[in-house]
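[1] Please find the sequence and the predicted model below.
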Amino acid sequence: MANTEKNSYTLLFAIGMVVVVGSVLASLFGGLNGQIKENQKKEKKQNILFAMGITKATLTKNADDANSPIDANEADAIFSKYVGDNQYIIEGSKATKTNKAFDVDVKKEGQKAKEAGYTRKLPLYIGTVDGKKSYVVPLYGKGLWDAIWGYVALEEDLKTVKGAFFDHKGETPGLGANIKESFFYEDFEGESIYSGDEFKGITVAKGNNDPTNLRKGDNKVDAIAGATITGDGVTAMIKSDLKMYVPYFETVKAN
Amino acid sequence: MAEVAEKQVKQKEPLFSKKNKGLMTDPLFDNNPITIQVLGICSALAITAQLKASIVMALAVMFVLAMGNVVISLMRNIIPSKIRIIVQLVVVATLVIIVDLVLKAFAYELSKQLSVFVGLIITNCIIMGRFEAFALGNGPWKSFLDGIGNAAGYGLILIIVGFFRELLGSGTLLGFKILGDPIEKTGLYAIGYENNGFMLLAPMALITVGIIIWIQRSRNQSLIES
């Protein structure tokens, strides 16, 4: 047995351990990555549908299920029923219909957009529910600890929010993590992103004095106590990401 | 030569000798990691609002602890003592990443629910405690049993707490409506029973664990510290 106290042995042991552990994890990740990606795609479909109001309750007709997304194994079928090919990539005020819109990584596009001369690809999903169109816009931003993201569905007038979905990577449980909860995202329903003709977004406001959100035209929803920075992140993400779609929305409204 | 071999066979313990069984059953009751050693409390409070999450957490910890104990035990003679804590951490972290990847691939919904807590297994003091106190000084089979036993003791408390919190807090078990429907007012709810929302919050988990500790110590007075 080698002398396990020697420095050279310790160093060799550490190197060997890292190589073994690294290769085991890399090969496992390689093997499972396809399945994980598939799950994430289904989740994305669930979330887009959720924002436009297609929840488990739509299928089961049971009001209890209104706050649950549809089942993951049904996501593909239901997504193609309500959205299908109505996916667009927006560049400026132009829209291109393409199935690739679903694969656009909003986070990566945001990073690429920092380079000069790059026109950001903006995915837009148009769902048809009960004969009415709803425009679903993906959002991506920063919370207190890590990334937050979400989807906002707009009514046909392109002003009123139909529904919203938010999620986060690591916000504080019980505080910032509550952006996922129904009491928060429900406040967005019916809220306007315009004030008159001017794009305002929606502010997650403290001291809003409107806890049940009766004033739908004020561009404000009630903040979560103790989650100021997460709330500000939601505000910023809605303002910046939704604003990029405004030129396109204007041309749709003009026609 | 033959005699020596025979002697060795005689000295070898049967796989489930009394001592080995003790390794598995002691941590369940009289040396329970949560109620006696008071380790691993954080996850016991955080994830026990639902029975399902408790069971999965118990299984994940059992896998990590049993496998980790075996790995550490097999390497106990070649681990340089200067970096043994780092080696232990690497072993736990590797196993936890394996659990995390497998959950993400085959139980995605569950992995979202457990999300940060799977990562927290790495810092579960029970695991580092068993590596340091047991696996570094014992053979792989005993270490395996010790890992299963301690994880089972931990899981038992998690499942008990999860059972009461889900039953009294949501009126369900594993998602099934046991006590009737609170909105339709059927079952117990028809006679005015209400779910106790407080059960879903972490403080009630602490109180539930406290009650378990109280019951255990009043049944077995020798566990009470003087």
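    That came in fine, so what should we check first? Numbers count the residues shown, from 1 in each chain, chains lettered A, B, ... in the order given.
[2] drop to CA atoms for contacts and neighbour counts, all remaining ones
    Will do.
[3] List the contacts of the residue in the stretch 101-250 of chain A positioned nearest to chain B.
    Scanning the stretch 101-250 of chain A for proximity to chain B using Cα to the nearest Cα identifies residue A:170 as nearest, at 7.7 Å. Residue A:170 sits next to A:145, A:146, A:147, A:177, B:116 when contact means Cα atoms under 8 Å, 6 or more residues apart in numbering or on different chains.
[4] Tell me where chain A has strands.
    Here chain A has its strands, by DSSP state E, at A:87-91, A:94-97, A:122-129, A:132-142, A:147-154, A:161-168, A:194-195, A:198-199, A:203-205, A:220-222.
[5] Make TSV from the ones you listed and add distance to residue B:97, mean neighbour count and mean pLDDT to it.
    Shown next, in TSV, are those (distance: least, Cα to Cα, whole Å; neighbours: other Cα atoms under 10 Å in any protein chain shown; pLDDT from 0 to 100):
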stretch	distance to residue B:97	mean neighbour count	mean pLDDT
strand A:87-91	35	20	87
strand A:94-97	39	14	84
strand A:122-129	32	22	90
strand A:132-142	25	22	92
strand A:147-154	21	24	93
strand A:161-168	20	24	92
strand A:194-195	46	15	87
strand A:198-199	45	12	88
strand A:203-205	36	22	89
strand A:220-222	38	25	88
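[6] For the ones you listed, give me JSON lines that also has distance to chain B.
    Shown next, in JSON lines, are those (distance: least, Cα to the nearest Cα, whole Å):
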{"stretch": "strand A:87-91", "distance to chain B": "26"}
{"stretch": "strand A:94-97", "distance to chain B": "31"}
{"stretch": "strand A:122-129", "distance to chain B": "24"}
{"stretch": "strand A:132-142", "distance to chain B": "18"}
{"stretch": "strand A:147-154", "distance to chain B": "14"}
{"stretch": "strand A:161-168", "distance to chain B": "11"}
{"stretch": "strand A:194-195", "distance to chain B": "35"}
{"stretch": "strand A:198-199", "distance to chain B": "35"}
{"stretch": "strand A:203-205", "distance to chain B": "26"}
{"stretch": "strand A:220-222", "distance to chain B": "23"}
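[7] Now render those as TSV, adding distance to residue B:73.
    Putting these into TSV (distance: least, Cα to Cα, whole Å) gives the following:
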stretch	distance to residue B:73
strand A:87-91	55
strand A:94-97	59
strand A:122-129	53
strand A:132-142	44
strand A:147-154	40
strand A:161-168	39
strand A:194-195	65
strand A:198-199	64
strand A:203-205	54
strand A:220-222	55
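[8] Of all these, which one is nearest residue B:145?
    strand A:161-168 (39.1 Å; Cα to Cα).
[9] Give me the contact list for the closest one.
    Against strand A:161-168 from outside (Cα under 8 Å, 6+ apart): A:47-48, A:50-53, A:134, A:143, A:146-155, A:177, A:179-180, A:185-186, A:188-193.
[10] and the angle from that strand to strand A:147-154?
    For strand A:161-168 against strand A:147-154, the angle by axes from the mean of the first three to the mean of the last three Cα atoms, to 10 degrees is 170 degrees.
[11] what number of residues lie near residue B:85?
    Burial measure for residue B:85: 15 neighbouring residues, criterion other Cα atoms under 10 Å in any protein chain shown.
[12] and if you look at residue B:211?
    Neighbour tally, residue B:211, other Cα under 10 Å: 13.
[13] Remind me what the helix or strand harbouring it packs against, helices and strands.
    Using DSSP states H and E, the element containing residue B:211 is helix B:202-219. Judged by 3 or more Cα pairs under 8 Å, 6 or more residues apart in numbering or on different chains; DSSP states H and E, the packing partners of helix B:202-219 are helix B:41-46, helix B:140-170.
[14] Quick check: mean pLDDT of that helix?
    For helix B:202-219, mean pLDDT rounds to 90.
[15] same check, this time on stretch B:141-153
    On average, stretch B:141-153 scores 92.
[16] now that stretch, how far from the chain's geometric center?
    10 Å (Cα atoms, centre = their mean, to the nearest Å).
[17] swap in stretch B:34-45?
    For stretch B:34-45, the distance to the chain centre is 9 Å (Cα atoms, centre = their mean).
[18] can you tell me if that stretch touches chain A.
    No - Stretch B:34-45 is not in contact with chain A by Cα under 8 Å from any Cα of the partner chain; minimum separation 13.0 Å.
[19] Residue 179: neighbouring residues, count only.
    No chain specified, so I'll use chain A. 24.
[20] was after chain B, sorry
    Residue B:179: 19 neighbours (other Cα under 10 Å).
[21] these two touch, right, residue A:154 and residue A:138?
    No - if you go by Cα atoms under 8 Å, residue A:154 and residue A:138 don't touch, sitting 11.4 Å apart.
[22] List phi and psi for residue 52.
    Going with chain A. phi -90, psi 10 (degrees, to the nearest 10).
[23] Contacts only, for it.
    Contacts of residue A:52 by Cα under 8 Å, 6+ apart are A:127, A:134, A:135, A:136, A:152, A:153, A:154, A:162, A:163, A:164.
[24] same thing but 10 Å
    A:82, A:125-129, A:133-136, A:151-155, A:161-165 (Cα atoms under 10 Å, 6 or more residues apart in numbering or on different chains).
[25] near chain B, which residues of chain A show up?
    Contact residues, chain A versus chain B (Cα under 10 Å from any Cα of the partner chain): A:1-7, A:9-11, A:13-14, A:17-18, A:21-22, A:24-25, A:28-29, A:31-40, A:43, A:63-64, A:71-72, A:169-170, A:173-174.
[26] Buried subset of those as a ChimeraX selection?
    In ChimeraX, the members of the residues of chain A next to chain B classed as buried (16 or more other Cα atoms under 10 Å in any protein chain shown) are selected with the following command:
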select /A:4,9,10,13,14,25,29,33,35,36,39,40,43,71,72,169,170
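[27] Where does pLDDT dip in the chain?
    Looking at chain A here, since you left the chain open. For chain A, the stretches with pLDDT under 70 are A:1-2, A:173-174.
[28] Correction: the question concerned chain B.
    B:1-13, B:115-116, B:183, B:226.
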